[in-house]
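Visitor: for reference, the sequence and a predicted model appear below.
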Amino acid sequence: MNESARTRNEASVAGFGVGAAGVTPPSSRGGRQGVFLTDILIEMGFTDKAQVDDAEGSARSSGKPVEQLLLDRRAIDESQLSLAIAERNGLDHVDLERFEVDMRAAEAVGRPVAASCGAVPIAYVPDGALVVAVQDAFDSLAIRRIETATGAEVRPVVAAVSAIERLIERLPDEAPAEAGEREVPRLRSQRELQVDGSDGPEGEDEGGDEEIASFDGLSMDLGPMVMESGDEEEKETVAEEPVEKPKPKKLKKAAKREDRMARELVETRGRVAELERQLEEVLDAAEEATATGERLRSLRRAIDESA
């Protein structure tokens, strides 16, 4: 790995300060979407054209991505691949072995959420944004889910897959916000409520309005209400309405649905890749059949001419 690439971080996209260990910014904030990832790997000196060409030839028959074949053959390693992905997408790369992870940020989500997203928070930057290490820079669903779970602005950075997985294993089963149901403030009765000002509570201004509500944090209790209409006093007791508490079961069901959707998305991607591989096989077979048919027709013409 180029030493300059490992230490250059004067233009961090995510907002890290100059000198943050393990942070490598891209050469261009706009990214390089028009360039093949394999070309960037070659340009960064991680592999050469001969290895890429050989992997591309094998990819057509195996159906595996070229980058995966390069990894399998140890022509590149995970860190080099993630560096190239970050460069292509205009994102910071973070070496989690060298970067000092803020576990307060990491534990903003629980292990199940992080594992299903394939992403994990690693730090808060000075402007309050939450920096999240991702494997797949195009997985906007994972980023949106972490935004929803944390309520923070999320800025993705790219890190090696195995490093992200090791960090996820260190997370608690549930984030602090998910660990228990939030306590809802209880409405408390104010038993002696006077509206005529004659027998107000001690300390009340003479002839003034009495205190009709008490505040405790976010709770306000109006207690039994006495309503007066005209010369004739009409008293009506208004029952306190129960406060609807959060329903953790519904939240858990929603989280399970999100997990299921995330798994289905991964499975769908796998099926699409398999169908693409099968389509390539069918096209190859069709080309071979066409070539065979052409050879048979040529052979028949030659037989007819010689007869």
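Guide: Right, received. Where do you want to start? Numbers count the residues shown, from 1 in each chain.

Visitor: the helices in this structure, which residues?
Guide: With helices called from DSSP state H, the chain shows them at 3-7, 37-43, 49-62, 66-72, 78-89, 103-106, 111-117, 140-150, 161-169, 248-306.

Visitor: now the angle from the last one to helix 140-150?
Guide: Following axes from the mean of the first three to the mean of the last three Cα atoms, to 10 degrees, one obtains 180 degrees for the angle between helix 248-306 and helix 140-150.

Visitor: per-residue confidence averaged over stretch 50-60?
Guide: Taken as a whole, stretch 50-60 has an average pLDDT of 93.

Visitor: what sits against Glu87?
Guide: Residues in contact with Glu87 (Cβ atoms under 8 Å, 6 or more residues apart in numbering) are Pro26, Ser27, Gly31, Arg32, Ile40, Met44, His93. C-beta coordinates here come from the backbone N, C-alpha and C atoms, glycine included.

Visitor: and for the last one, nearest residue in space, chain neighbours not counted?
Guide: Once flanking residues are discounted, His93 sits nearest to Ala86: 3.7 Å by Cβ to Cβ, 6 or more residues apart in numbering.

Visitor: right, and the one you found touches Thr24 too?
Guide: Yes: between Ala86 and Thr24 there is a contact at 7.0 Å, judged by Cβ atoms under 8 Å.

Visitor: how near is the closest residue to Asp48 other than its chain neighbours to Ala163?
Guide: Nearest residue to Asp48 in three dimensions, chain neighbours excluded: Ile42, at 6.4 Å (Cβ to Cβ, 6+ apart). As for Ile42, its distance to Ala163 is 24 Å (criterion: Cβ to Cβ, to the nearest Å).

Visitor: before we move on, what about Phe16?
Guide: Distance, Phe16 to Ala163, using Cβ to Cβ: 17 Å.

Visitor: next up, the contacts around Ala142.
Guide: Going by Cβ under 8 Å, 6+ apart, Ala142 touches Cys117, Gly118, Ala119, Val134, Asp136, Ala262.
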